[in-house]
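Q: This is a predicted model, with the sequence first.
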Amino acid sequence: MLTKRIIPCLDIKDGRTVKGVNFVNIRDAGDPVELGARYAQEGADELVFLDISATNEQRKTFASLVRDIARHINIPFTVGGGISSVADVAPLLEAGADKVSVNSAAVRNPGLIDELSRAFGAQCIVLAIDARKVDNAWVVHTHGGKNATDKKLFTWAKEGQERGAGEILFTSMDHDGTKAGFANDALSKLHTLLQIPVIASGGAGAAEHFMDTFILGQADAALAASIFHFGEVKLPDLKGYLRQRGISIR
Amino acid sequence: MKLVIIKYNAGNIQSVSFALERLGVDFTITDQAEAIQQADKVIFPGVGEASTTMRYLHDKKLDAVIRSLRQPVLGICLGMQLLCKHSEENDTPCLGIFDETVKRFEPQPDKKVPHMGWNNLTLTANSWLDPALENKFAYFVHSYYVPVNAHTSSLTEYTVPFSAAMHRDNFYAVQFHPEKSAEAGVLVLQSFLNV
């Protein structure tokens, strides 16, 4: 039986793991290869590494970090951050990444999803969507949540699927950093709307939030960062908790 | 032992080589017919689309090389699908080692496509896979599958039971990614190295 996936997310800046709380206030959480290997050992099902470096110069070093990650880690991982072309993606996949995530560049140029999907296959294209509720509509934001767009979550997710995304990574900006649970209403609606897997992101604070998002949100996978980095929820405990409650878990 | 990974436009060559490095196994990556034919064992990796890949193999004359191999060959993911007779993915004639047609998963309300993530293995009798892999989880990511057949060595279920691993003569194949399947993946690669 296909299991639900638990995905620790590592934000990378200047080669180090960091985590922004509500997209600001960065704290250091250590060496990404070491941390990723520890999570793999502890039973993480996949990993996500997001390059949040601001300059292209820093980005160039990201491909060598990706190679280092692939060399040491024996589970699948997604990389993202600042990807805006086929040329950006090729070196990351060649370095051993399994998937890439696109966000702002896909909003600016939706054809990018088609291009990437044709070039590399839908299975390795993750469309990341950051959204928050504004006047009862889920408004898509870009650039780490700074810029509101005219796109709405559900139509954009559906368009992403039709253009060839293999997975949707939905972060609720309203829930991110609150540690009060995932946006399960919106996730459940995405599940019903889409035929590709959905990763829940934003709001994890405790083991029961993962159970809720798998049951109420019908998410295929759940992603979290700081609660893992700072040991508030430990992967083996979390997986044991979910397994005991009948969730299909590796 | 001379182990060769066939070099072509497959997306997972780097990951497969890192997995072999972690096992401490020596290997070479080559698209040279002679080097492939002289190897003791051959790995045929694969991530990509069937028709583009078959065209590439044909242009490089690697299709004939693969068909001619008599030593143990391990096809991975698309590599396994291409060892079949035909794929529904863009109606592609494949290598024909296994007399099977590769089909597309039909999405169902609770079954997304691609089949992506960790799913458990059920070994068939006399499987070439280490018995310790029974009911262990491997990492899958694919939209097409090989139906269960006489050469199936392990089954997994997703909308239907399908072939997670196969074996015929000197050809071995897995639909999942041993190079990304943590400890279970290590056992799978060792199973092939031990055949």
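A: Sure thing, it's come through.
Q: what's the least confident helix or strand in the chain, going by average pLDDT?
A: Here I'm looking at chain A. strand A:24-30 (a mean of 51; mean pLDDT, DSSP states H and E).
Q: Correction: the question concerned chain B.
A: Bottom-ranked secondary element of chain B by mean pLDDT, DSSP H and E: helix B:50-59, a mean of 93.
Q: Look at residue B:119 and tell me its secondary structure.
A: strand (DSSP: H, G, I helix; E, B strand; the rest coil).
Q: Return the set of buried residues in the longest helix along chain B.
A: Among the segments of chain B that qualify as a helix by DSSP state H, the longest is helix B:182-194. For helix B:182-194, a neighbour-count test (16 or more other Cβ atoms under 10 Å in any protein chain shown) marks B:182, B:184-189, B:191-192 as buried. Backbone N, C-alpha and C define where each C-beta goes, glycine included.
Q: So which of these reach chain A?
A: Here is what survives when those are matched to chain A using Cβ under 8 Å from any Cβ of the partner chain: B:182, B:185-186.
Q: would JSON lines of the buried residues of helix B:182-194 with pLDDT be doable?
A: As requested, the buried residues of helix B:182-194 are exported to JSON lines (pLDDT from 0 to 100):
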{"residue": "B:182", "pLDDT": "97"}
{"residue": "B:184", "pLDDT": "97"}
{"residue": "B:185", "pLDDT": "98"}
{"residue": "B:186", "pLDDT": "97"}
{"residue": "B:187", "pLDDT": "98"}
{"residue": "B:188", "pLDDT": "98"}
{"residue": "B:189", "pLDDT": "98"}
{"residue": "B:191", "pLDDT": "98"}
{"residue": "B:192", "pLDDT": "98"}
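Q: Tabulate these (TSV), appending distance to residue A:71.
A: Formatted as TSV, those follow (distance: Cβ to Cβ, whole Å):
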residue	distance to residue A:71
B:182	15
B:184	19
B:185	15
B:186	15
B:187	20
B:188	19
B:189	16
B:191	23
B:192	21
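Q: quick one: which of those residues is nearest to chain A?
A: Of all these, chain A sits closest to residue B:182, with 5.2 Å by Cβ to the nearest Cβ.
Q: show me where chain B has helices.
A: So, for chain B - with DSSP H - the helices run B:13-22, B:33-38, B:50-59, B:62-68, B:78-82, B:182-194.
Q: Next one, pLDDT for the most centrally placed residue in chain B please.
A: Geometric centre of chain B, nearest residue: residue B:76, 2.1 Å, by Cα atoms, centre = their mean. As predicted, residue B:76 sits at a pLDDT of 97.
Q: And for residue A:55?
A: According to the prediction, residue A:55 has pLDDT 67.
Q: just residue A:38 next, same as before
A: Residue A:38 carries a pLDDT value of 89.
Q: How about the secondary structure of it?
A: When classified by three-state DSSP, residue A:38 comes out as helix.
Q: who in chain B is up against chain A?
A: So chain B meets chain A at B:11, B:14-15, B:18-19, B:21-22, B:47-49, B:107, B:109, B:111-120, B:137, B:139-143, B:157-158, B:177, B:179-183, B:185-186 (Cβ under 8 Å from any Cβ).
Q: mind redoing it with 6 Å?
A: Counting by Cβ under 6 Å from any Cβ of the partner chain, chain B comes close to chain A at B:11, B:14-15, B:18, B:107, B:112, B:114, B:116-119, B:137, B:139, B:141, B:180, B:182.
Q: Can you point out the buried residues in stretch B:82-98?
A: For stretch B:82-98, by 16+ other Cβ under 10 Å, it's B:82-84, B:86-87, B:89, B:92, B:94-95, B:97-98.
Q: Widest-spaced pair of those residues?
A: The distance between the two most remote of the buried residues of stretch B:82-98 (Cβ to Cβ) is 17.2 Å, for B:89 and B:97.
Q: how much space between residue A:226 and residue B:64?
A: Separation of residue A:226 from residue B:64 (Cβ to Cβ, to the nearest Å) stands at 54 Å.
Q: What lies in contact with the one helix or strand residue A:240 maps to?
A: In this assignment (DSSP states H and E), residue A:240 forms part of helix A:235-244. Under the contact criterion Cβ atoms under 6 Å, 6 or more residues apart in numbering or on different chains, helix A:235-244 has outside partners A:42-44, A:207, A:211, A:249.
Q: How about the contacts made by the residue nearest the centre of chain A?
A: The C-alpha lying nearest the average C-alpha coordinate of chain A belongs to residue A:169 (Cα atoms, centre = their mean; 5.2 Å). Contact analysis of residue A:169 by Cβ under 6 Å, 6+ apart lists A:101, A:126, A:128, A:199, A:201.
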